[in-house]
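Undergrad: how would this look folded up:
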Amino acid sequence: MTAGTFNDTSTFPDPVYKETVLRPLFDGAKDHHVEGFRLIDRAHLVMLHETGILTIKQARPIAQALEAIDRDVDVGALTYTGEVEDFFFLIEKQLRARLGPDLAGRLHTARSRNDIDHTLFKLGLKHRIDPLLERLVRLAETLASVAERESRTLIVAYTHGQPAQPTVLGHYLSAVLETLLRDIARVEAARDIVDRSPMGAAAITTSGFPIDRDLMAHLLGFSRPLQNSYGCIASVDYITSTYSAIELVFLHLGRFIQDLQFWTSFEVGQIYVPNAFVQISSIMPQKRNPVPIEHMRHLSSQTVGRAQAMLTIMHNTPFTDMNDSEGESQGFGYGAFESGGRVLDLLAALVPALKVDADRVRQNIRRSCITVTELADSLVRLEGLSFREAHEIAADVARSVVAIGGDIASDGYDAFQAAFNRWAGRGTSVTPTQFAEIVSAENFVAVRDRLGGPAPEALSQAIAGYNQEIASFRTRMQSAKSRAETSAQDLRSRFNALLGAR
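TA: From the prediction side, this is the model:
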């Protein structure tokens, strides 16, 4: 049955379709993709002329008309009327009004809305990924700087929510930094996937015209074309890789932020947040609420949620060009960059301002006997015991000291002697002075000088390595920026040559 059999007298667009789909898409293009359309039109025109597909007599008036549209059309003031389907056809309508249908229609030679759209979305993502990378690297630099500053500042490390062992703040921050550097590498890898141009794929299979896809990639600031033309319009892994990387960044940072919330609680109190980051209660005058940490936590969760939603949108979609990956989904995903950027800016400002409450840390170390692991280790080395025997002796000492609310260094030696006799069947050669040194937090950290440990030399070497990695990110980011600037300048120069401008 043909469409004519129905005697269909309806006209496009249906009013409800216009308001629920076409208007939001048009407004989204106005908000996010005007500059992308502009660049693609100009680059494509340059390519069509330089490959001989269009003569200078055809290309120059098209270039002049594009320039006039930029000058005359106030995109921000446009209201969607339904006279054209979308922003692409609005520009084509403007060209026809200035050039007539024959000449205006030549700009669309060897391209489709399919490759245009995915190029637009990639340009939009690059425009957001690059500032995100800048923020991430700045945070990495901040963490490295503070880790170095706090390389000898004792803190209590927790496992399962309980005091576990002493370390230094620089060691903890280095662990956060190491994870962040891996996350930056994942974002950088996603950017590399985004940085491949779909232009020239046309609808699906490229074109019979002698187009130059490498030239198009260069003029638009991409590193290279994405090779397979079907993949250009179907393989939305540039979306999934980007939002997967973003999701992991803020999932991981959220764990760090949760630690800050825990450490600033009254009961733990090993981190002090300065007044500049503290809000007071409206009714309880004693309250100091470090609410920026809470805001970072929920904004991180919002970012994870938005990124995860983008992956869900792509799930079980057909491997072809489809609207699920296009305008409205792209606009939705941009919210992850906005909320994530706020977290990174706030975290980079807060971390250097944090202070460790050394008295509270000392108190918590004393109350929890968290240096007894080193007592067990030292007995293995000094007394020749098995670790299990040494562990039992250390456990007895800890129980005895905790029972009297004492300090292991000053109150634990008698309990140690008794436990040693009981488990080893002999007296110990460890003196009271040696015992106090062994169970000190400073000694605990100092002897852990293996690769990745908190001792000064090991930690210093680690931070130096992190700084080298950060410098490498900076070098690659600058290289990408320089390449983009060169491409933009080249496009301006070649387009101006079409205009006949000097």
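
Undergrad: okay, CA-based contacts and neighbour counts for the rest of this
TA: Fine.

Undergrad: Outline the domain layout of this structure.
TA: Domain assignment for the chain by automatic domain parsing gives 10-109, 114-358, 372-439.

Undergrad: What's the end-to-end length of the shortest one?
TA: Using CA to CA, to the nearest Å, the end-to-end distance of domain 372-439 comes out at 6 Å.

Undergrad: before we move on, back to that, determine which of the domains of the chain approaches residue 457 most closely.
TA: Closest of these to residue 457 is domain 114-358, at 9.8 Å (criterion: CA to CA).

Undergrad: chain center to that closest one: distance?
TA: 2 Å (CA atoms, centre = their mean, to the nearest Å).

Undergrad: Would you point to the one among the domains of the chain that's packed deepest?
TA: domain 114-358 (a mean of 19; mean count of other CA atoms under 10 Å).

Undergrad: can you give me the end-to-end distance of it?
TA: Start-to-end, domain 114-358 (CA to CA) is 61 Å.

Undergrad: how about the strands of the protein, start to end?
TA: With strands called from DSSP state E, the chain shows them at 154-159, 162-168, 196-197, 224-225, 271-272, 355-356.

Undergrad: just checking, what packs against the fourth one?
TA: Looking back up the chat, that one is strand 224-225. Here strand 224-225 touches strand 196-197, helix 213-219, going by 3 or more CA pairs under 8 Å, 6 or more residues apart in numbering; DSSP states H and E.

Undergrad: Next: the longest one.
TA: Secondary structure elements in contact with strand 162-168, counted by 3+ CA pairs under 8 Å, 6+ apart, are strand 154-159, helix 358-368, helix 441-446.

Undergrad: what's the closest of those to residue 337?
TA: Once the helices and strands packed on strand 162-168 are compared by CA to CA, strand 154-159 is nearest, at 31.8 Å.

Undergrad: Work out the sheet partners of that closest one and label each with its direction, please.
TA: strand 162-168 (antiparallel) (DSSP bridges).

Undergrad: Helices of the stretch 151-300 of the chain, residue ranges please.
TA: 169-194, 213-219, 229-234, 237-263, 291-314 (DSSP state H, counting those that start in this stretch).

Undergrad: Output those helices in JSON lines; the columns should cover mean pLDDT and distance to residue 373.
TA: Putting these into JSON lines (pLDDT from 0 to 100; distance: least, CA to CA, whole Å) gives the following:
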{"stretch": "helix 169-194", "mean pLDDT": "98", "distance to residue 373": "18"}
{"stretch": "helix 213-219", "mean pLDDT": "98", "distance to residue 373": "59"}
{"stretch": "helix 229-234", "mean pLDDT": "97", "distance to residue 373": "56"}
{"stretch": "helix 237-263", "mean pLDDT": "97", "distance to residue 373": "22"}
{"stretch": "helix 291-314", "mean pLDDT": "96", "distance to residue 373": "32"}
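
Undergrad: Pipe these into CSV and attach distance to residue 6 per row.
TA: Converted to CSV, the helices of the stretch 151-300 of the chain look like this (distance: least, CA to CA, whole Å):
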stretch, distance to residue 6
helix 169-194, 45
helix 213-219, 44
helix 229-234, 34
helix 237-263, 41
helix 291-314, 35
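
Undergrad: Pull the contacting residues for the closest residue to residue 322 other than its chain neighbours.
TA: Leaving aside its chain neighbours, residue 322 sits nearest to residue 234 (7.9 Å; criterion: CA to CA, 6 or more residues apart in numbering). Residue 234 sits next to 319, 320, 321, 322 when contact means CA atoms under 8 Å, 6 or more residues apart in numbering.

Undergrad: how far away is residue 234 from residue 436?
TA: Between residue 234 and residue 436 the distance is 67 Å, computed by CA to CA.

Undergrad: ok so, going back, any idea which of the helices and strands packed on strand 224-225 gets closest to residue 63?
TA: Once these are compared by CA to CA, helix 213-219 is nearest, at 15.4 Å.

Undergrad: The lowest-mean-pLDDT helix or strand in the chain - contacts with which helices or strands?
TA: Least confident helix or strand, the chain: helix 23-32 with a mean of 83, by mean pLDDT, DSSP states H and E. Applying 3+ CA pairs under 8 Å, 6+ apart, one finds that helix 23-32 contacts helix 87-99, helix 327-350.

Undergrad: The shortest one - what's its average pLDDT?
TA: When you say that, I think you mean helix 87-99. Averaged across helix 87-99, pLDDT comes to 89.

Undergrad: Distance from it to the middle of the chain?
TA: For helix 87-99, the gap between its own C-alpha mean and the chain's C-alpha mean amounts to 38 Å (CA atoms, centre = their mean).

Undergrad: Need the residues that contact it.
TA: Contacts of helix 87-99 (CA under 8 Å, 6+ apart): 26, 29-30, 37, 61-62, 65-66, 69, 84, 103-105, 113.

Undergrad: make it 6 Å
TA: With contacts defined as CA atoms under 6 Å, 6 or more residues apart in numbering, helix 87-99 is touched by 26, 104.

Undergrad: all numbers from here: first residue = 696
TA: Shifting the count to begin at 696 puts that one at helix 782-794.

Undergrad: coming back round to it: with respect to residue 1144, which of the domains of the chain lies nearest?
TA: Among those, domain 809-1053 comes nearest to residue 1144, with 11.7 Å by CA to CA.

Undergrad: Looking at the helices of the stretch 846-995 of the chain, spot the one closest to residue 1154.
TA: Residue 1154 sits nearest to helix 864-889 of all the helices of the stretch 846-995 of the chain, at 6.6 Å, using CA to CA.

Undergrad: Now do the closest one and helix 932-958, the angle between them.
TA: On the basis of axes from the mean of the first three to the mean of the last three CA atoms, to 10 degrees, helix 864-889 is oriented at 160 degrees to helix 932-958.

Undergrad: Quick check: which ranges of the stretch 696-845 of the chain have low pLDDT?
TA: 696-699 (pLDDT under 70).

Undergrad: if we can go back for a sec, residue 1170: which of the domains of the chain is closest?
TA: For the domains of the chain, the distance to residue 1170 is smallest for domain 809-1053, at 11.3 Å, taking CA to CA.

Undergrad: and the longest helix along the chain, average pLDDT?
TA: If you go by DSSP state H, the chain has its longest helix at helix 1151-1194. Averaged across helix 1151-1194, pLDDT comes to 97.

Undergrad: and the angle for it with strand 857-863?
TA: Angle of helix 1151-1194 versus strand 857-863, following the same axes, to 10 degrees, is 80 degrees.

Undergrad: which strands and helices sit next to helix 1151-1194?
TA: helix 751-767, helix 908-914 (3 or more CA pairs under 6 Å, 6 or more residues apart in numbering; DSSP states H and E).
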